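> 3D, please:
(chains A, B, C and D)
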Protein chains: 2
Amino acid sequence: MTEAKRPRVPREKAQEIILNAAEELFYQEGIHAVSVDAIVERAGMNKMSVYRQFSSKTDLILAYMTRKQDVFWQEWEESIAKHPNRPREQLIQFFADLAERATNEQFRGCCFINVAVEFPDPVHPVRELVCSHQKRIRNAFLDRTTALGTANPCELAYTLILLMEGTYADSQTYGTDSAAIRMVPAIVEKVLDQALHN
Amino acid sequence: MTEAKRPRVPREKAQEIILNAAEELFYQEGIHAVSVDAIVERAGMNKMSVYRQFSSKTDLILAYMTRKQDVFWQEWEESIAKHPNRPREQLIQFFADLAERATNEQFRGCCFINVAVEFPDPVHPVRELVCSHQKRIRNAFLDRTTALGTANPCELAYTLILLMEGTYADSQTYGTDSAAIRMVPAIVEKVLDQALHN
DNA sequence: TAAGTTTGTTACTGAGTAGTAACAAAGCGT
DNA sequence: ACGCTTTGTTACTACTCAGTAACAAACTTA
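Purely as a prediction, here's the structure:
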């Protein structure tokens, strides 16, 4: 019989394994509710392997958020790409895709809002990441509502952002059963058409 | 010189002092971030005095939420009472008052959503309290949109709820500077008028 | 005044927390 | 084979957490 080996995992691979574990746990359970030890266990790794890749738990949180940020923009681009040069359909599509995600069992709302809830200190690094992300979102919506050619692209963009954040929040309480979320695409369509027809 | 006294505080008074401290800390810092010891210190009390009134931290959280629930309905009724039998103005007033609260320094979003973020377990008692509260809110909005006499009171109610929850969420990231929140009353007015004029 | 009850205070338990020191084993280049 | 770097493993530090035991002081009722 061969002895118990100690299979070694290189830096890059280790980082991804750890981040996968952190992503699931942080998102599902919340940041404060998840210990580094829990992530270590979930990743099937050793504690030192984590602290050699990430200098602190805060570092891990930031990496988790950066990854979630990428996911968001990937989903955004996917929805937009379905209707080239048709901002109205692009926005409706985004909300249709969002509504579908938001009624999934695993969905736990907007991870950035969730982080903001757990970290009230406005100068904490994770909060600043949340803030910059929200500003990018605002700009993306403004870009699309401006492309629509409506009279008040700013107000329309803010309306849509509020509806999006409301959808995220609603999923927290009603889960897969939210009648409100199922109506979101229709609601957005009405809002857009009102803005277009004055 | 008189010796150092040990001023005694009766049950009822103690409960209120403790709840005041818990309310501020839980709402401002988050549940998991606040220890019972921190509440004890803030209340200027002794730990045993807390555990004689509340059997556990969960018990304290539930009492905190019950109190916040009362505050919500008080604010709701206040807004409604300003325009008797005029549901359109009542709803606009509610959002105007909400927008004002949401741009205050101390505002930290909807405490029920915040609790839901920190307690993912759907069968946890605090989650069930959140859920029942959200259902009461839904009914209150439905009651007012039905009174409006619009064609689709359900869709309108859900739209307003999403806008409300979006407002709560937005305050977390932009604080007193949210342009979106400042526009909320105007947005709601448009939404209502669209629903009324078909 | 005497007995019973409520409150204040101290000190503690046992479990969990983030993060680290120290060394062993594996891989790599020479 | 030789050092050098990277990774695995164990054990640990110093701290915080929720909750409690035990007793002393104050108030209440008789």
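> what about the closest residue to A:E105 other than its chain neighbours, which SS state?
The spatially closest residue to A:E105, leaving aside those adjacent along the chain, is A:T176, at 6.2 Å (Cβ to Cβ, 6 or more residues apart in numbering or on different chains). For every residue, glycine as well, the C-beta is placed using N, CA and C. Following DSSP: H, G, I helix; E, B strand; the rest coil, the label given to A:T176 is helix.
> Cross-check the contact I'm expecting between A:T176 and A:N104.
Yes - A:T176 is within contact range of A:N104, at 7.0 Å (criterion: Cβ atoms under 8 Å).
> Around A:E78, count how many other residues there are.
12 (other Cβ atoms under 10 Å in any protein chain shown).
> which SSE is it in?
Assigned by DSSP states H and E, A:E78 belongs to helix A:57-81.
> now swap in A:A147 and tell me
helix A:125-148.
> So what's the gap between that helix and the chain middle?
13 Å (Cα atoms, centre = their mean, to the nearest Å).
> got it, and stretch A:137-152?
For stretch A:137-152, the distance to the chain centre is 21 Å (Cα atoms, centre = their mean).
> Stretch A:25-44 too?
18 Å.
> ok, and for it, which residues are buried?
By 16 or more other Cβ atoms under 10 Å in any protein chain shown, the buried positions in stretch A:25-44 come out as A:25-27, A:29-31, A:33-34, A:36, A:39-40, A:42-43.
> Equivalent analysis for stretch A:116-129, please.
A:116-120, A:126-127, A:129.
> Please parse chain A into its domains.
A:8-54, A:61-196 (automatic domain parsing).
> Quick check: the gap between A:N139 and B:F54.
The gap separating A:N139 from B:F54 is 46 Å, by Cβ to Cβ, to the nearest Å.
> quick one, which of these two is more surrounded?
Shown here are A:N139 and B:F54; by other Cβ under 10 Å, B:F54 has more neighbours (20 against 11).
> where does chain A have low pLDDT?
A:1-6, A:198 (pLDDT under 70).
> Tell me the residues of it that contact DNA strand D?
Residues of chain A lying close to DNA strand D (Cβ under 7 Å from any atom of the strand) are A:6-11, A:14, A:45-49, A:52.
> What is the neighbour count of A:R8?
8.
> now do A:R182
15.
> who's in contact with it?
Counting by Cβ atoms under 8 Å, 6 or more residues apart in numbering or on different chains, A:R182 touches A:99, A:103.
> mind running it again at 10 Å?
By Cβ atoms under 10 Å, 6 or more residues apart in numbering or on different chains, the residues touching A:R182 are A:99-100, A:102-103, A:176, B:158.
> Max pairwise distance over those residues: which two?
The two members of these with the most space between them (Cβ to Cβ) are A:E100 and B:Y158, at 17.0 Å.
> neighbour count winner among these two?
Between A:E100 and B:Y158, B:Y158 has the larger neighbour count (other Cβ under 10 Å), namely 26 against 13.
> Am I right that that one is in contact with B:F141?
Yes - using Cβ atoms under 10 Å, B:Y158 makes contact with B:F141 at a distance of 8.1 Å.
> For A:N152, give me the backbone phi and psi.
The phi/psi pair for A:N152 (degrees, to the nearest 10) reads phi -130, psi 80.
> what about the nearest residue to it once chain neighbours are set aside, distance to DNA strand D?
Excluding the flanking residues, the one nearest A:N152 by Cβ to Cβ, 6+ apart is A:A195, at 7.1 Å. A:A195 sits at a distance of 48 Å from DNA strand D (criterion: Cβ to the nearest atom of the strand, to the nearest Å).
> hmm, back to that, can you narrow the buried residues of stretch A:116-129 to ones near chain B?
Contacts with chain B within the buried residues of stretch A:116-129, counted by Cβ under 10 Å from any Cβ of the partner chain: A:116-120, A:127.
> Show only the entries of the residues you listed found in helices.
Among those, the members falling in helices (DSSP state H) are A:116-118, A:127.
> Now flag whichever of the residues you listed is closest to B:I80.
A:V117 (28.2 Å).
> A:E24 sits in which helix or strand?
Going by DSSP H and E, A:E24 is in helix A:11-29.
> Relative to the whole chain's centre, how far out is that helix?
15 Å.
> Now flag whichever of the buried residues of stretch A:25-44 is closest to DNA strand D.
A:V40 (9.1 Å; Cβ to the nearest atom of the strand).
> hmm, back to that, including distance to A:D59, could the ones in helices among the ones next to chain B among the buried residues of stretch A:116-129 go into a markdown table?
What follows is these, written out as a markdown table (distance: Cβ to Cβ, whole Å):
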| residue | distance to A:D59 |
| --- | --- |
| A:A116 | 18 |
| A:V117 | 20 |
| A:E118 | 16 |
| A:R127 | 15 |
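> ok, so of those, who is nearest DNA strand C?
A:E118 (12.4 Å).
> Phi and psi next, for the closest residue to the closest one other than its chain neighbours.
Leaving aside its chain neighbours, A:E118 sits nearest to A:I31 (5.0 Å; criterion: Cβ to Cβ, 6+ apart). Main-chain dihedrals, A:I31, degrees, to the nearest 10: phi -70, psi -60.
> residue contacts, the residue nearest to A:T146 when sequence neighbours are not counted?
Once flanking residues are discounted, A:T146 sits nearest to A:P153: 4.4 Å by Cβ to Cβ, 6+ apart. By Cβ under 10 Å, 6+ apart, the contact set of A:P153 is A:87, A:141-147, A:195.
> Give the buried subset of these as a ChimeraX selection command.
Listed next is the ChimeraX selection for buried residues among the contacts of A:P153, using 16+ other Cβ under 10 Å:
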select /A:87,141,142,144,145,195
